[in-house]
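Engineer: structure here, sequence nowhere to be found:
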C-alpha cells in the first residue's frame, strides 16, 4: 500500500468491515499492539486481516486473538506465526474497565481497525460491541441503501 493509498483510506491499514455489520459499537478505544519486526512490515503493506478476531482479558493483560498477519515474503527462518496471540498495550485501569464490560452478558471486545498513529506507530481501535439480531442487520442495510440513494439524488441535482 503506497502513501497515497493510505491517505485515501484515512490512514487505516486494515478495517474490520464485518464488525459494523454484525455488532452495535457501544464504545471505542485506542490501544497499542505488541508486534515483532516482520509483522510491522506486513501490517504496513495492508496485508493484515481482522475478520473473526476478538480481544479478551487474561491474567490482567489484554490479548488480541485470531488476527491474521501472513508471514513476511522476504523474511527468513525467524518469521512470525500468522495467527499468534498478540498483546494489546493499555493502562491497568482501562483493562479493568474493559474486563468489567466484557463480562456483561452479550458484550464483546472487537478490533475495528488497524491504523498508523501520527508518530508512525501501529494502533488498534478496539470496540465494546453488542451483537446484532438478523432484523437489525437488515435494517442497517436498508438505511445504508437509503442514504446512498439520497446522496446520489443530491449530487445528481447539483450536477444537472
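Structural biologist: Everything's here; your move. From a predicted model like this one, the values you see are computed outputs, not experimental measurements. Residues are numbered from 1 along each chain as shown.
Engineer: which stretches of this protein form helices?
Structural biologist: For the chain, helices defined by DSSP state H occupy the ranges 3-8, 17-22, 37-44, 92-103, 134-159.
Engineer: low-confidence regions, this structure specifically.
Structural biologist: 1-10, 160 (pLDDT under 70).
Engineer: please identify the deepest-packed of the helices of the chain.
Structural biologist: Most buried of those, by mean neighbour count (mean count of other CB atoms under 10 Å): helix 37-44, with a mean of 18. From N, CA and C alone the C-beta is placed, and that goes for glycine too.
Engineer: distance from the chain centre to it, please.
Structural biologist: 16 Å (CA atoms, centre = their mean, to the nearest Å).
Engineer: what is that helix packed up against?
Structural biologist: strand 12-15, strand 122-131 (3 or more CB pairs under 8 Å, 6 or more residues apart in numbering; DSSP states H and E).
Engineer: how about the ones you listed, which one is nearest residue 38?
Structural biologist: Among these, strand 122-131 comes nearest to residue 38, with 12.9 Å by CB to CB.
Engineer: list the helices and strands that closest one packs on?
Structural biologist: Counting contacts by 3+ CB pairs under 8 Å, 6+ apart, strand 122-131 packs against helix 17-22, strand 23-33, helix 37-44, helix 92-103, strand 107-116.
Engineer: switch to 7 Å and redo it
Structural biologist: Secondary-structure packing of strand 122-131 (3 or more CB pairs under 7 Å, 6 or more residues apart in numbering; DSSP states H and E): helix 17-22, strand 23-33, strand 107-116.
Engineer: in a markdown table: these, plus distance to residue 58.
Structural biologist: Converted to a markdown table, the helices and strands packed on strand 122-131 look like this (distance: least, CB to CB, whole Å):
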| stretch | distance to residue 58 |
| --- | --- |
| helix 17-22 | 21 |
| strand 23-33 | 15 |
| strand 107-116 | 12 |
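Engineer: for the ones you listed, which one ends up most surrounded?
Structural biologist: Note that of the helices and strands packed on strand 122-131, strand 107-116 is the most buried (mean count of other CB under 10 Å), with a mean of 21.
Engineer: and it with strand 122-131, angle?
Structural biologist: 150 degrees (axes from the mean of the first three to the mean of the last three CA atoms, to 10 degrees).
Engineer: what does strand 107-116 contact?
Structural biologist: With CB atoms under 7 Å, 6 or more residues apart in numbering as the test, strand 107-116 has contacts from 11-16, 19, 23, 25, 28, 43, 48, 50, 53-56, 64, 67, 98, 101-102, 122-130.
Engineer: cool, thanks, signing off.
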